[in-house]
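Asker: Here is my input; please provide its structure:
(chains A, B, C and D)
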2 protein chains.
Amino acid sequence: MLRDAEVTGAEATGDWHHHRIVPAGQQVLAPNHASADVFVLCSGWAFRSVRLSNGRRQILNFLLPGDLFSASAVFNDCCQFSVTALTTVQISGMRRTQVHSRLVEPAVAAAVGKCWATEAQSSDSMMAVLGQCSAEERIAHLFLQLLRRIPRTMVHARRYPCPLRHQHIADAVGLTTVHVSRVLGGFRERGIAELSRGVLEVRNMSELKRLGALS
Amino acid sequence: MLRDAEVTGAEATGDWHHHRIVPAGQQVLAPNHASADVFVLCSGWAFRSVRLSNGRRQILNFLLPGDLFSASAVFNDCCQFSVTALTTVQISGMRRTQVHSRLVEPAVAAAVGKCWATEAQSSDSMMAVLGQCSAEERIAHLFLQLLRRIPRTMVHARRYPCPLRHQHIADAVGLTTVHVSRVLGGFRERGIAELSRGVLEVRNMSELKRLGALS
DNA sequence: CGATCGGTTGATATGAATCAACGTGCGTGG
DNA sequence: CCACGCACGTTGATTCATATCAACCGATCG
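Answerer: So this is what the prediction gives:
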């Protein structure tokens, strides 16, 4: 959990707003601990996940710069998920009370509402994918979701930065790493997409969309 | 969609609040239509679902009396899901603008926030179940979630009202009706639970919890 | 009385998991 | 600079859970 001693930058910005840097692979937020803060990811990639009693892990979503850890954290002080850094990340925390007091500003309320709606839609489509889609469709859908969110400025010649390992994909879409490897091998053979050394290269976007579009 | 001609009760309560009755099996809310209202289920059961391009349907959750169709509808006027009545239902619609203006009352804001947090947690656990659990675990988890929400006053001798058909269970947890039938047969044989003619009878709660508890 | 719907059961097919071996790149320490 | 270990990915063989196909049954309803 966030301990005061770990917080940096609080002095410079006032006590309602502070920053922290977490190296790749480390847990950023532990589950089932109350916190007075609402967190935003400022740089790097992270993911939100839960650990089940059988030891398995479900990745609930991936966090990119600008994402709230969870929009519901605006009203909820104790979250059941954990957040883990995928790359080195920079996070910013704001006091929940401070966020609440600014909710009277219509622009702030609208922004939170929009964030909320986006998250809800994304959860809904993930449930549909996990419940109804094949392995290929699941992975294609995950890629498409990520592609839409990776900033244009980071993309050159359809090569998208994407620091996921097979294990992350497997835990996000409910497959094993072995099967993820086979499916990605198929994508590569068929000239659809190729994930290698932190780069996702899309070779046939329309085929990827055909596989991964839900409706 | 909701047409004004279908709205009943608006005269009695003022134009910011109206009721409607929908018979079992009918669609209550069509996907991808904007609406100026936020809806609450007042009586009966319904479900929220999406239809995929391959024709398959994912039930996202079941709605019981008191549930908002979706908490995010408070800020979002166009939803991608549909809502269908499972039994005859009574619904109430409130003008979104009216809800917004009441959000300044701390009690209202807290209620919406709590509703939001509950929905988010439920989505998260559904994603974990769909991604990581076996057929038995999925169905047990669904039952446990429902049991917690069915009002005590409706329960006699561990017999819970539960108007789901196998098809609804199948679409909610991502299985076929045939396999749902086999799993429920197993539950019956092993004296865990029995679903028949709209009643779910729990015979061994601790075993059901062992199967369906996530953590 | 037939038709339809929901549920059950058996036989078979198939997609993904599991088990196991191997390769490759990379950091670490000798 | 090399040897080693380790994490990650790939591939093949096999197993297993669930889907699919098909037949049948009982209840309900026009």
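Asker: residue closest to the middle of chain A?
Answerer: A:Phe62 (1.5 Å; C-alpha atoms, centre = their mean).
Asker: Could you look up the SS state of it?
Answerer: What DSSP: H, G, I helix; E, B strand; the rest coil gives for A:Phe62 is strand.
Asker: Help me confirm that it comes into contact with A:Leu147.
Answerer: No. A:Phe62 lies out of contact with A:Leu147 (C-beta atoms under 8 Å); the separation is 11.9 Å. The way it works is simple: take the backbone N, C-alpha and C, and place the C-beta from them, glycine included.
Asker: Report the beta-bridge partners for the residue nearest to the centre of chain A.
Answerer: Beta-bridge partners for A:Phe62, by DSSP bridges, are A:Phe47.
Asker: Now do the domain split for chain A, please.
Answerer: Domain assignment for chain A by automatic domain parsing gives A:8-120, A:133-212.
Asker: Centre of the chain to the longest one, how far?
Answerer: The reference is to domain A:8-120. 10 Å (C-alpha atoms, centre = their mean, to the nearest Å).
Asker: is it anywhere near DNA strand D?
Answerer: No. Using C-beta under 7 Å from any atom of the strand, domain A:8-120 stays clear of DNA strand D, with a minimum separation of 8.0 Å.
Asker: before we move on, what about the shortest one?
Answerer: Yes. Interface with DNA strand D: domain A:133-212 contributes A:165-167, A:177-178, A:181-182, A:184-185, A:196 (C-beta under 7 Å from any atom of the strand).
Asker: before we move on, back to that, give me the distance between the residue nearest to the centre of chain A and A:Leu164.
Answerer: Distance of A:Phe62 to A:Leu164, given as C-beta to C-beta, to the nearest Å: 8 Å.
Asker: who touches both of the two?
Answerer: A:Leu86 (C-beta atoms under 8 Å, 6 or more residues apart in numbering or on different chains).
Asker: Next SSE downstream of the helix-or-strand element of chain A with minimal mean pLDDT?
Answerer: Every helix and strand in chain A was compared by mean pLDDT, DSSP states H and E; the lowest is helix A:10-13, with a mean of 43. The helix or strand immediately downstream of helix A:10-13 is strand A:17-22, counting by DSSP states H and E.
Asker: Pull out the buried residues from that next one.
Answerer: Within strand A:17-22, the residues scored as buried using 16 or more other C-beta atoms under 10 Å in any protein chain shown are A:18-20, A:22.
Asker: quick one: which of these is nearest to A:Val50?
Answerer: A:Val22 (19.1 Å; C-beta to C-beta).
Asker: isn't that closest one right up against A:Val28?
Answerer: Yes. Applying C-beta under 8 Å as the test, A:Val22 and A:Val28 come out as touching, 5.0 Å apart.
Asker: intersection of neighbour lists for those two?
Answerer: Listed as contacting both A:Val22 and A:Val28 by C-beta under 8 Å, 6+ apart are A:85, A:89, A:91.
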